[in-house]
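Undergrad: What follows is a predicted protein model with its sequence.
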Amino acid sequence: MASHFSGVLQLTDLDDFITPSQVEQMFLHATFEADTLLSECVKPVKVEKKQGRSVAKIQIEDDGSYFQVDHDGQRQKLEKAKITLNDCLACSGCITSAESVLITQQSHEELYRVLHRNKQVGSSEQKLVVVSVSPQSRASLAAHYGLGSSEVARRLASFLKNLGVHHVFDTGFSRSFSLIESQREFVERFRRREADKKALPMLASACPGWICYAEKTHGDFILPYISTTRSPQQMMGSLVKGYFASQKGVSPQNIYHVTVMPCYDKKLEASRPDFYLSEHETREVDCVITSGEVLKMLEEENVSLRDLEEVAPLDTMFSNVCGEELLGHAGSGSGGYLHHVYKHAAKQLFGVEVDELAYKTMKNKDFQEVTLEKDGQVLLRFAAVYGFRNIQNLVQKLKRGKSPYHFVEVMACPSGCLNGGGQLKPSSDQTNRELLQQVEELYRGERTSEPELDSRVAELYRGWLESVGEERGRQLLHTQYHAIEKNTNGLSIKW
């Protein structure tokens, strides 16, 4: 199985994590040449040593199964070793060089298994199945079928509910929470920047590929700079397994929560121990499937969204709905963090109302800058940095104390989330660039709303957090990061 997670590229003694699509583009355009070195995933295993006069032999059968044969000729079938997503996150070697082993519980087959089981058991034993769809995935599917993004949302909701899904939500709603909390966090960090030298720049935290890289490569140096605000996926996890469960009178462990994302690395994010509810023995997001996996489900069911006649109404509890249209957010296709934090900070810190942001392209299109100036003085300097080539440069500037930025929207994929590794691929008569342009147009064609001005978001934000208390509220809105020591296990060294 080909890798769909972030790859690992080593240039001399630097680690550069990039997506497979970016690798392909680099070689096609001959921007540079490098050898790709993928680490091997090594998990220490305790071996029970037994007394014996001879060493057992291992036989491999034609079907790939393993048998241990002792000196008496007796055969014992051996179990295959398995590693989980948690093992992967705890490892300090590669990020994802063994994805085919890791995704057994993070695939559309697992969603099918739960839906099938629901049909076989009584209502008291059924899981309440909830699917939360990202705006980027909607736009990707819309481009494929030649439909509008909101139309895809309704048709996809109908398809999923016909399969047995109970509720379909929009992660644009939970992104409003992420944007509001990012705005507040930045203003707080800006005001204490003199006392805390690592308060700024604040680095966006919504990209799990970037977070894995930061934890495993730069550790304690870079982590204090990263925003602790949860990503929209994990914010939705809090909402579904917290507020929604309480409103429905259902235990969180009886809810099966699936998200549809443009990125395979979101599977890793959902599997982090930080997002496991130990008191209920369940994850906030049980399964992540990509835009491409949704298309595979449609094809397996012989269904085309374009031809689907029955259209289900949108679930409104966690969806930014205006009439029959879903509302998006202004700014980048990666969530608009720079846009919203910048406008909020300008107003709150300096009393400046910003209508339009003037982006300045720096070294390449994936490195852009926005500044707020008054009387010749730079008050705010923000940047959007996409792709690990630009991320490396950003980190090196931070280490040299040369970074001029107050906030950076950091994303691992070139062109951001709309170009995620889990998005649909171009047709035979279409280039990657043409498809990406089409997806961007559909994404930006949605009507936008300001998260802090959305009355439903504001009401739920206040009411929910007041009901759980300040300390628990912070846990529901924020997360933490963990520096991972370099692996010095000799078994992982290639001689």
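TA: Looks like it came in fine.
Undergrad: Which strand runs longest in this protein?
TA: What stands out as the longest strand in the chain, according to DSSP state E, is strand 377-386.
Undergrad: Give the buried residues for it.
TA: L380, R381, F382, A383, A384, V385, Y386 (16 or more other C-beta atoms under 10 Å). For glycine as for every other residue, the C-beta is placed from the backbone atoms N, C-alpha and C.
Undergrad: wait, which of these is closest to V129?
TA: When the buried residues of strand 377-386 are compared for distance to V129 (C-beta to C-beta), Y386 wins out at 33.8 Å.
Undergrad: related to what we said a few turns ago, just put the buried residues of strand 377-386 in JSON lines and tack on pLDDT.
TA: Putting the buried residues of strand 377-386 into JSON lines (pLDDT from 0 to 100) gives the following:
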{"residue": "L380", "pLDDT": "95"}
{"residue": "R381", "pLDDT": "96"}
{"residue": "F382", "pLDDT": "97"}
{"residue": "A383", "pLDDT": "95"}
{"residue": "A384", "pLDDT": "95"}
{"residue": "V385", "pLDDT": "95"}
{"residue": "Y386", "pLDDT": "94"}
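Undergrad: what's the farthest-apart pair in those?
TA: The span of the buried residues of strand 377-386, defined through C-beta to C-beta, is set by L380 and Y386 at 20.0 Å.
Undergrad: Check which element follows the longest strand of the chain along the chain.
TA: Under the assignment DSSP states H and E, the closest C-terminal helix or strand after strand 377-386 is helix 388-399.
Undergrad: and that next one with strand 377-386, angle?
TA: For helix 388-399 against strand 377-386, the angle by axes from the mean of the first three to the mean of the last three C-alpha atoms, to 10 degrees is 140 degrees.
Undergrad: Can you show me the CA trace of helix 388-399 as CSV?
TA: What follows is helix 388-399, C-alpha atoms only, in CSV (Å, rounded to 0.1, in the frame of the first residue of the first chain):
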residue,chain,number,x,y,z
PHE,A,388,8.1,21.7,5.1
ARG,A,389,10.7,23.5,3.0
ASN,A,390,9.3,26.8,4.3
ILE,A,391,8.7,25.4,7.8
GLN,A,392,12.4,24.5,8.0
ASN,A,393,13.4,28.0,7.2
LEU,A,394,10.9,29.4,9.8
VAL,A,395,12.3,27.1,12.5
GLN,A,396,15.9,28.0,11.7
LYS,A,397,15.1,31.7,11.9
LEU,A,398,13.5,31.1,15.3
LYS,A,399,16.6,29.3,16.5
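Undergrad: What residues of that helix count as buried?
TA: Using 16+ other C-beta under 10 Å as the test for burial, helix 388-399 gives F388, R389, N390, I391, Q392, L394, V395, L398.
Undergrad: and the helix or strand that that helix is followed by, what does it pack onto?
TA: Downstream of helix 388-399, the next assigned helix or strand under DSSP H and E is strand 407-411. Judged by 3 or more C-beta pairs under 8 Å, 6 or more residues apart in numbering; DSSP states H and E, the packing partners of strand 407-411 are strand 202-203, helix 337-350, strand 377-386, helix 388-399.
Undergrad: Comparing the ones you listed, which yields the minimum mean pLDDT?
TA: Mean pLDDT values for the helices and strands packed on strand 407-411 show the minimum at helix 388-399, a mean of 91.
Undergrad: and it, how far out from the chain's middle?
TA: 21 Å (C-alpha atoms, centre = their mean, to the nearest Å).
Undergrad: Measure how it sits relative to strand 407-411, angle-wise.
TA: 150 degrees.
Undergrad: quick one, what contacts P262?
TA: Contacts here follow C-beta atoms under 8 Å, 6 or more residues apart in numbering; on that basis P262 touches S134, Q136, S137, S140, T290, S291, C417, L418, G420, G421, G422, Q423.
Undergrad: State the distance from the first one to K119.
TA: Distance from S134 to K119, counting by C-beta to C-beta, to the nearest Å: 27 Å.
Undergrad: Pick out whichever of those two has more residues nearby.
TA: Remark: of S134 and K119, S134 carries more neighbours, 28 against 8, as counted by other C-beta atoms under 10 Å.
Undergrad: hmm, back to that, redo the helices and strands packed on strand 407-411 as JSON lines? Include distance to S467.
TA: Formatted as JSON lines, the helices and strands packed on strand 407-411 follow (distance: least, C-beta to C-beta, whole Å):
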{"stretch": "strand 202-203", "distance to S467": "28"}
{"stretch": "helix 337-350", "distance to S467": "25"}
{"stretch": "strand 377-386", "distance to S467": "34"}
{"stretch": "helix 388-399", "distance to S467": "39"}
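Undergrad: now for those, which one comes closest to E446?
TA: helix 337-350 (14.3 Å).
Undergrad: what's the longest helix in the protein?
TA: The longest helix of the chain (DSSP state H) is helix 171-191.
Undergrad: burial count for the closest residue to E452 other than its chain neighbours?
TA: With sequence-adjacent residues excluded and distances taken as C-beta to C-beta, 6 or more residues apart in numbering, E452 is closest to I180, at 5.6 Å. Using other C-beta under 10 Å, I180 is surrounded by 21 other residues.
Undergrad: what separates stretch 194-211 from the chain centre, distance-wise?
TA: From the chain centre to the centre of stretch 194-211 is a distance of 17 Å (C-alpha atoms, centre = their mean).
Undergrad: do stretch 186-201 as well
TA: Centroid separation for stretch 186-201 versus its chain: 26 Å, with C-alpha atoms, centre = their mean.
Undergrad: just stretch 406-417 next, same as before
TA: With C-alpha atoms, centre = their mean as the basis, stretch 406-417 stands 12 Å off its chain's centre.
Undergrad: mind saving the C-alpha coords of that stretch as PDB?
TA: Output of stretch 406-417 as PDB, limited to C-alpha atoms (Å, rounded to 0.1, in the frame of the first residue of the first chain):
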ATOM      1  CA  HIS A 406       4.000  37.600  15.900                       C
ATOM      2  CA  PHE A 407       1.800  34.800  14.500                       C
ATOM      3  CA  VAL A 408       2.300  32.200  11.800                       C
ATOM      4  CA  GLU A 409      -0.300  30.000  10.200                       C
ATOM      5  CA  VAL A 410       1.700  26.800   9.700                       C
ATOM      6  CA  MET A 411       0.600  23.900   7.500                       C
ATOM      7  CA  ALA A 412       2.500  20.900   6.300                       C
ATOM      8  CA  CYS A 413       1.000  20.500   2.800                       C
ATOM      9  CA  PRO A 414       2.000  22.900   0.000                       C
ATOM     10  CA  SER A 415      -1.100  25.100  -0.800                       C
ATOM     11  CA  GLY A 416      -2.500  24.000   2.600                       C
ATOM     12  CA  CYS A 417      -5.400  21.700   3.500                       C
END
